[in-house]
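Novice: Compute the structure for the input listed below.
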Amino acid sequence: MDFILLIIAFRFLQTHAQTKEHFPEWQGLFLKSLIAACCFLAIQIVFERTDGVMRWVAHCINLYVVYAAYNRQVFAPLKPFVYAFFPVVFVHIFQDLTRLVAPEFYHSWESLFGTAGAFAWIWLVAQFIISRKQRKALETERIKAIQKEIEFKNSQKRKDALEIQVAERTAELTAQKESLEKTLHELKAMQSQLIQSEKMASLGELTAGIAHEIQNPLNFVTNFSELNKELLDELKDELVKGDLDEIRLIVGDIMANEEKIIHHGKRADAIVKGMLQHSRSSSGVKELTDINELADEYLRLSYHGLRAKDKSFNASMETDLDEAVGMVEVVSQEIGRVILNLVNNAFYAVSERKKQVDDFGDVSLSSSYKPTVWLSSKRTNRGIEIRVKDNGTGMPDGVKEKIFQPFFTTKPTGLGTGLGLSLSYDIVKVHGGELTVSSQVGDKEKGEDSWTEFYIFIPNY
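Specialist: Next up is the predicted model:
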């Protein structure tokens, strides 16, 4: 019985502690002990040896097994085994020890020892069942822990992969940002060049008008200079004759001519200065400016510029300039550029419509259409209004929506950059004002006329 108990203890240890997987160094010892126990049991059975020596050998082995399971640190998880197996070992050892030391007491309480042994075995079996369930539960938890560890490693791998993707994406975005910044820098440089080109184009349009305008005072200067030369020759003759009255008349004429020469010289000088102001970049400094004079000057310069390019071009100019407008604090060359752009567009529109009417071939319609550009100014309680209107081709709604967008133009390639109205809009906005457009494409069946009107508003400060 003791050896059977020993075999059960060994087997319990092997299965509960899983010595084969977790404690290979103890597996060999358990196998040898189990073989030794089986040999002792075989000797008892074959030779019917039931002497105390065999029993006490079994008891010693059982006690050693219990001690090893309880005392060795490596077997710390086997404490439940000790609590389950120790009562059985204790009852058997105590029973044999009592039988050896006090036989009479043992025989008196033999049934009690038997009952205690039975309860010890029941306790062992119960603990064996409970331990197996616990072992399965622990195994399940261990599997779950392994699965969690695997999931954690997988999530860590995914995290690492995501971090790599984020780093790659960040690098791509950084490269794209640098590329966009480079492109933006190039676009700004190109925009500056186009703005300068637009300014030079408007200067070119002014040149023909300026040449026409400056020619008149130069002609006066030349004519009066030649006339004074003739008068000086006459003065010499009269000095010889000594006719003082004639001399006074001649000197008076010379002085009058000199005043006219000075006047027209100053006029030419003003035109040249205006041209230089237009060609220079704006300083952004506001100064008191006669808006009416500025508008009238640029209207005439634009007209003469177009006439110099196309001798067949002709249009009426009607002005309605409110004297109450007076002096206004603006950046004169910038506002002049705005007026010039709007007047140029107005003359271009009436010129295009005139060509369309002539190409249509209707003589009555051609004779009835009179290309006209209106320029008006007005002072209100809120500020200054400037209107430029033409009876040209008009603009459909789709064009009006885009008219102030940079690089948008309805002119053929080479005749416009599409920056004139965009720059004009920005200039008026910088002055705190508004630039708007109204237009109509006339319906001939309804008797409607085509027209376009630009409205400039500059507020009072």
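Novice: residue ranges for the helices of the chain, please.
Specialist: 2-17, 19-22, 24-47, 52-71, 79-101, 103-108, 110-241, 244-279, 291-309, 332-360, 363-368, 397-402, 420-430 (DSSP state H).
Novice: send the alpha carbons of the last one over as PDB?
Specialist: Included here for helix 420-430 are C-alpha records, laid out as PDB according to Å, rounded to 0.1, in the frame of the first residue of the first chain:
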ATOM      1  CA  GLY A 420      -5.000  95.100 -66.300                       C
ATOM      2  CA  LEU A 421      -8.400  94.800 -64.600                       C
ATOM      3  CA  SER A 422      -6.900  92.600 -61.900                       C
ATOM      4  CA  LEU A 423      -4.300  95.200 -61.000                       C
ATOM      5  CA  SER A 424      -6.800  98.000 -61.200                       C
ATOM      6  CA  TYR A 425      -9.100  96.100 -58.800                       C
ATOM      7  CA  ASP A 426      -6.200  95.600 -56.300                       C
ATOM      8  CA  ILE A 427      -5.200  99.300 -56.600                       C
ATOM      9  CA  VAL A 428      -8.700 100.500 -55.800                       C
ATOM     10  CA  LYS A 429      -9.000  98.000 -52.900                       C
ATOM     11  CA  VAL A 430      -5.700  99.400 -51.500                       C
END
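Novice: Now tell me which of the helices of the chain the model trusts least on average.
Specialist: Lowest mean pLDDT within those: helix 52-71, a mean of 57.
Novice: Put the alpha carbons of stretch 431-451 into PDB.
Specialist: Listed next in PDB are the C-alpha coordinates belonging to stretch 431-451 (Å, rounded to 0.1, in the frame of the first residue of the first chain):
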ATOM      1  CA  HIS A 431      -7.300 102.800 -51.500                       C
ATOM      2  CA  GLY A 432     -10.200 101.400 -49.500                       C
ATOM      3  CA  GLY A 433     -12.600 101.700 -52.400                       C
ATOM      4  CA  GLU A 434     -14.600  99.600 -54.800                       C
ATOM      5  CA  LEU A 435     -14.300  98.700 -58.500                       C
ATOM      6  CA  THR A 436     -17.400  97.100 -60.000                       C
ATOM      7  CA  VAL A 437     -18.800  96.500 -63.500                       C
ATOM      8  CA  SER A 438     -22.200  96.500 -65.100                       C
ATOM      9  CA  SER A 439     -22.800  95.400 -68.700                       C
ATOM     10  CA  GLN A 440     -25.500  94.400 -71.100                       C
ATOM     11  CA  VAL A 441     -25.400  92.500 -74.400                       C
ATOM     12  CA  GLY A 442     -28.200  94.100 -76.300                       C
ATOM     13  CA  ASP A 443     -31.000  92.100 -77.900                       C
ATOM     14  CA  LYS A 444     -31.700  93.600 -81.400                       C
ATOM     15  CA  GLU A 445     -35.200  92.200 -81.500                       C
ATOM     16  CA  LYS A 446     -36.100  94.000 -78.300                       C
ATOM     17  CA  GLY A 447     -34.400  97.100 -79.300                       C
ATOM     18  CA  GLU A 448     -31.800  96.900 -76.600                       C
ATOM     19  CA  ASP A 449     -28.400  98.400 -76.900                       C
ATOM     20  CA  SER A 450     -25.100  97.000 -75.700                       C
ATOM     21  CA  TRP A 451     -23.000  98.800 -73.100                       C
END
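Novice: which residues are in contact with it?
Specialist: Around stretch 431-451, the neighbours that count as contacts under C-beta atoms under 8 Å, 6 or more residues apart in numbering are 330-331, 334-335, 338, 353, 383, 389-396, 399-400, 403-404, 424-425, 428-429, 452-459, 461. Where you see a C-beta, it was placed from the backbone N, CA and C, and this is true even at glycine.
Novice: Restricted to buried residues, select these in PyMOL.
Specialist: Applied in PyMOL, the following selects the buried portion of the contacts of stretch 431-451 according to 16 or more other C-beta atoms under 10 Å:
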select buried, resi 330+331+334+335+338+353+383+389+390+391+392+393+394+395+403+404+424+425+428+452+453+454+455+456+457+458
